[in-house]
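Undergrad: return atomic coordinates for the entry below.
(one chain, ligands or ions: 1)
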Amino acid sequence: MIQKLIAERIKYRGYHREPYEQYQENVRQHYSGIAGKFLRSCSIVSLHEPLASSFFKRGAFPVQGSKNILDVGTGAGQLLTHLVRHADADARIVATDLSTEMLKRAAERFADGRIDYVTAALTELPFEDNTFDCATCGWVLEYLPDPEPGLREISRVVRPGGRILLQCTENTVFGAMSSRLWKCRTFQRAELQEECQRVGLNWQRELWFTKAHRLFRLGGIIVELTKTANHHEHGDAESAASAE
Ligand SMILES: C[S@@+](CC[C@H](N)C(=O)[O-])C[C@H]1O[C@@H](n2cnc3c(N)ncnc32)[C@H](O)[C@@H]1O
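TA: From the prediction side, this is the model:
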C-alpha cells in the first residue's frame, strides 16, 4: 500500500499525456540524443540485457521454429541480441523502432543477414495481418499515450496462436524511479492484463528475471502473451451482427 502511494507520487507524468504527434517527436528526440547513447550501457549495468537471456535459454519463450520474428522498439538491440543467438538460421527477424538513430546503433552491433531494420511506430506497423510467428516488445508500451492501439497493432501482425514477450515498467517504487529517468509511464498488472485481453492477447504466464526479482517484485512486468485464435474485433462483430 505504502509502496503504491510512493510510486504514484514519484511516477513520471510527461510524454504519454501529450497529443499523439508531439509525444512521438519527444520520444524520437529523447532516444536519438544522449538517452539513446547510454541506453545499452544502462541495460548492462541494470542487468536487463544479460538477464533477459534466461527467457530465451530456459525455454520460457523459445523462438526456435519461428520463421518470422518481430522485435518492436528495438532500442539498442537488448532483446535482438538474444533473438539473433537463438533464432533458426533461416528465420527472418524484423527490428523496428520510432527512432532511426536507435536502429543505426543496433545495426552496428549485429552483422546478421537475417535482420531487417524498419523505422516504424508501434501503432502503425507496416506489415500485413498475421505476418509473424512471434514478437518481442521490451519497455516500449509505456511510451504510448494509450496502450490499446499499440497492443491491437501487435495482435494484428502476429498470427493466431503466435506468442508475444511483453516487458513493461510496473507501478512500484523502482518502476516509478525508472519512469522518471526514461520519461515513460508505469502500469498496474491488472490494468495491463485487461488491456491485453481486450485485443485478443491472452495473459499466458508471468516471467521474472530471477527468483530474487519475483520475491521482491523487481524488474517490471514481463509476460508471455498468446494471440487468441478466434478473437473478433468490435467492428467485425458489429458488421457481422448488422449483416444478419
Ligand atoms: C527503453 S527502450 C527499450 C529498448 C529494448 N526494446 C529493450 O528491451 O531494452 C525504448 C525504445 O522504444 C522506442 N519507442 C518508444 N515509443 C515507440 C513507439 N511508439 N513505436 C516504436 N518504438 C518506440 C524508443 O525509441 C526506444 O528505442
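Undergrad: for the lengthiest strand in the chain, give the mean pLDDT please.
TA: Longest strand of the chain, by residue count under DSSP state E: strand 158-168. In this model, strand 158-168 has a mean pLDDT of 98.
Undergrad: buried ones in the helix or strand following that strand?
TA: Proceeding N to C from strand 158-168, the next assigned helix or strand is helix 173-182, under DSSP states H and E. Neighbour-count burial for helix 173-182 flags 173-179, 182 (criterion: 16 or more other CB atoms under 10 Å). Every residue, glycine included, has its C-beta placed from N, CA and C.
Undergrad: of all those, which comes closest to V140?
TA: W182 (10.8 Å; CB to CB).
Undergrad: report pLDDT for the closest one.
TA: pLDDT for W182: 88.
Undergrad: spatially nearest residue to it, not counting backbone neighbours?
TA: A35 (7.2 Å; CB to CB, 6 or more residues apart in numbering).
Undergrad: and the one you found, how many residues sit next to it?
TA: 17 (other CB atoms under 10 Å).
Undergrad: need the residues of this structure near the ligand, please.
TA: Within the chain, the residues that sit near the ligand (CB under 6 Å from any ligand atom) are 27, 31, 43, 48, 73-75, 78-79, 97-99, 102, 121-123, 138-140, 143-144, 182.
Undergrad: quick one, what contacts the residue nearest the centre of the chain?
TA: Nearest residue to the geometric centre of the chain (CA atoms, centre = their mean): C137, 2.1 Å. Residues in contact with C137 (CB atoms under 8 Å, 6 or more residues apart in numbering) are 71-73, 122, 154, 164-167.
Undergrad: and it, that's in a strand?
TA: Yes. Applying DSSP: H, G, I helix; E, B strand; the rest coil, one finds C137 inside a strand.
Undergrad: who does it bridge with?
TA: V72, L166 (DSSP bridges).
Undergrad: packing partners of the longest strand of the chain?
TA: In terms of contacts (3 or more CB pairs under 8 Å, 6 or more residues apart in numbering; DSSP states H and E), strand 158-168 is packed against strand 132-138, strand 201-207, strand 221-227.
Undergrad: buried residues, that strand. List them.
TA: For strand 158-168, by 16+ other CB under 10 Å, it's 158, 162-168.
Undergrad: now, the most widely separated pair of the contacts of C137?
TA: L122 and L165 (14.5 Å).
Undergrad: just to revisit the earlier point, verify the assumption that the residue nearest to W182 is located in a helix.
TA: Yes. Membership of A35 in a helix is supported by three-state DSSP.
Undergrad: for it, give its distance to L122.
TA: 18 Å (CB to CB, to the nearest Å).
Undergrad: S53 now?
TA: Distance from S53 to L122, by CB to CB: 24 Å.
Undergrad: neighbour count: the two, which is higher?
TA: L122 (21 against 15).
Undergrad: wait, that one sits on V140?
TA: Yes. With contact defined as CB atoms under 8 Å, L122 counts as touching V140 (5.9 Å).
Undergrad: shared neighbours of those two, anything?
TA: Counting by CB under 8 Å, 6+ apart, the contacts common to L122 and V140 are 72-73, 150.
Undergrad: now tell me which helix or strand of the chain has the poorest mean pLDDT.
TA: Sorting the helices and strands of the chain by mean pLDDT, DSSP states H and E puts helix 234-243 at the bottom, at a mean of 42.
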